[in-house]
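Peer 1: Can you look at this prediction? I've put the sequence above it.
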Amino acid sequence: MSATVSIEEAQAHLAELIEKLRPGEEVVITHNQQPVARLISQRETARRPRQPGSAKGKLIILAEDDEHLDDFREYMP
């Protein structure tokens, strides 16, 4: 679904236009009856919120290795 508004109307009612947009909808903004921009709503993400500890057990350290810290000794207190 697409709506068309003039640039003057978009300037006057931008907050309302954004609030009314539903996922997948767009508003075409025109100037002198020519399309100049599109206002497109963001699609809702299906991403679940992160859970603390969800990566527990996914990283396995095979051996302690402090040698890589030698290059940073001068920066350590």
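Peer 2: Happy to help now that I have it.
Peer 1: Quick check: nearest residue in space to T30, chain neighbours excluded?
Peer 2: Ranked by Cβ to Cβ, 6 or more residues apart in numbering and with sequence neighbours excluded, the top spatial neighbour of T30 is S6, at 5.6 Å. All C-beta atoms are positioned from the backbone trio N, CA, C, and that covers glycine.
Peer 1: quick one: contacts for that neighbour?
Peer 2: 29-31 (Cβ atoms under 8 Å, 6 or more residues apart in numbering).
Peer 1: The same query, at a cut-off of 10 Å, please.
Peer 2: Going by Cβ atoms under 10 Å, 6 or more residues apart in numbering, S6 touches 12, 29-33, 36.
Peer 1: which residues in this protein form strands?
Peer 2: 2-6, 26-31, 34-40 (DSSP state E).
Peer 1: ranking those strands by burial, who's on top?
Peer 2: strand 26-31 (a mean of 16; mean count of other Cβ atoms under 10 Å).
Peer 1: Geometric centre of the protein: which residue is closest?
Peer 2: Nearest to the mean C-alpha position of the chain, by Cα atoms, centre = their mean, lies Q42 at 8.5 Å.
Peer 1: Burial check on the nearest residue to that one once chain neighbours are set aside, number of neighbours?
Peer 2: Using Cβ to Cβ, 6+ apart and skipping the chain neighbours, the partner closest in space to Q42 is P23 (7.3 Å). A count of nearby residues for P23, using other Cβ atoms under 10 Å, gives 9.
Peer 1: In contact with P23, which residues?
Peer 2: 40-44.
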